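> please work out how this folds:
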Amino acid sequence: MTQKEITINGQQYPVVFTMDTLMNFERIVSKSFFETDFKTLTDRMALIIAAVITANEKTTLTVEAMKGNNDLKAVQQIIAAYNIVAALMGEFFEVPEVVKQAEAEEQQPANEGDDKPKN
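Model prediction:
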């Protein structure tokens, strides 16, 4: 089990991804982990909290702490934390590197890297 750290409002929190993380997520959102596409900020925040709780049951991280000042900085911190947890999720599910690369390419804008104007 790999443990990493995320930073929220200057405070570091350990995160891990195990079967307990899946179960904690499902307890938090009251739906199946496998029915979730993690496109909403709420689902991403729930996954982060689940990963933190799995690493440390006595964590002090709250949704309010994650929301910070309800500004762009808070969103950026959540995205950065989610990316760390998602990497751990990829390790847990043993997602092949080829699939990770294909998913990254799908998320890039259609004309990124294309210097020629479209007619």
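> quick one, helices of this structure?
Remark: helices of the chain, listed N- to C-terminal, are 19-29, 41-55, 63-67, 72-92, 97-107; assignment by DSSP state H.
> dump those helices into JSON lines; add mean pLDDT as well.
Formatted as JSON lines, these follow (pLDDT from 0 to 100):
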{"stretch": "helix 19-29", "mean pLDDT": "97"}
{"stretch": "helix 41-55", "mean pLDDT": "98"}
{"stretch": "helix 63-67", "mean pLDDT": "95"}
{"stretch": "helix 72-92", "mean pLDDT": "96"}
{"stretch": "helix 97-107", "mean pLDDT": "69"}
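> CSV for those, including mean neighbour count and distance to Tyr13?
Backbone N, C-alpha and C define where each C-beta goes, glycine included. Shown next, in CSV, are those (neighbours: other C-beta atoms under 10 Å; distance: least, C-beta to C-beta, whole Å):
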stretch, mean neighbour count, distance to Tyr13
helix 19-29, 17, 13
helix 41-55, 22, 5
helix 63-67, 15, 9
helix 72-92, 16, 8
helix 97-107, 9, 24
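> and of these, who's closest to Glu5?
helix 72-92 (7.8 Å; C-beta to C-beta).
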